[in-house]
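> The following comprises the amino acid sequence and a computationally predicted model.
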Amino acid sequence: MFFVWALALSGLFLIYLEFLLPGAIMAIGGTVLLVASVIMFYMAKPGFLYLTLYLLVLGGAVFTIVRFSKWCARLRTKQESILHDQVRTTLFPSDVIGKTAKAATDLNPNGQIFVGDQTFQALSQTGFIDKGSNVVIIRGQGPHLIVEAVKE
């Protein structure tokens, strides 16, 4: 009887893993193990009542594993979305948009700029900008500030 439960638990674990590592291999293996556990259970305890009870318990366990796995996947997706939003908003302060800065390196077209005493990654929208030139911050894109040279 221990072997029957080991087969069933292994099958349930493989079905759970299918949600973490999609590709149908784990689900197929889990299904084969669950079917094998049903056959072994019937061989160990023949009888319609026992088999029906075992199938109900196994079906409930599969339903619970699937629901739990979907909930975990939804929660993980929501956390990744929140983390992605936090990373996107903290790449550069939004109050630097529209300010004038100084090129810390040559912008060809990317380089670094000084905004006050802070250094930021920047991309030149207008092409090459010499080190020490004044630039205006147009917008942010990913980890970079988009700048253009100040017309003097």
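Structure received. Numbering: from 1, shown residues only.
> Quick one: mean pLDDT for whichever strand or helix holds R76?
R76 is part of helix 48-89 when elements are defined by DSSP states H and E. Summarised as a single mean, pLDDT over helix 48-89 is 77.
> And stretch 26-36, by the same measure?
Confidence over stretch 26-36, taken as the mean pLDDT, stands at 91.
> buried residues in that stretch?
By neighbour count, with 16 or more other Cβ atoms under 10 Å as the criterion, the buried positions of stretch 26-36 are M26, A27, G29, G30, L33, L34, A36. From N, CA and C alone the C-beta is placed, and that goes for glycine too.
> residues contacting the last one?
With contacts defined as Cβ atoms under 8 Å, 6 or more residues apart in numbering, A36 is in contact with L7, G11.
> Mind telling me what element it is part of?
Assigning secondary structure by DSSP H and E places A36 in helix 25-44.
> And for M40, nearest residue in space, chain neighbours not counted?
Once its chain neighbours are removed from consideration, M40 has its nearest residue in V4; the separation is 4.7 Å (Cβ to Cβ, 6 or more residues apart in numbering).
> That neighbour falls within a helix, correct?
Yes: V4 forms part of a helix when assessed by DSSP: H, G, I helix; E, B strand; the rest coil.
> Model confidence score at it, please.
88.
> can you redo the buried residues of stretch 26-36 as a markdown table with distance to L53?
Output for the buried residues of stretch 26-36, formatted as a markdown table (distance: Cβ to Cβ, whole Å):
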| residue | distance to L53 |
| --- | --- |
| M26 | 27 |
| A27 | 25 |
| G29 | 25 |
| G30 | 21 |
| L33 | 19 |
| L34 | 15 |
| A36 | 18 |
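> Can you tell me which of these is closest to V147?
Sorting the buried residues of stretch 26-36 by distance to V147 puts M26 at the head of the list, at 49.7 Å, by Cβ to Cβ.
> With adjacent residues omitted, what lies nearest to the closest one?
Per Cβ to Cβ, 6+ apart, closest to M26 is E18, 4.0 Å.
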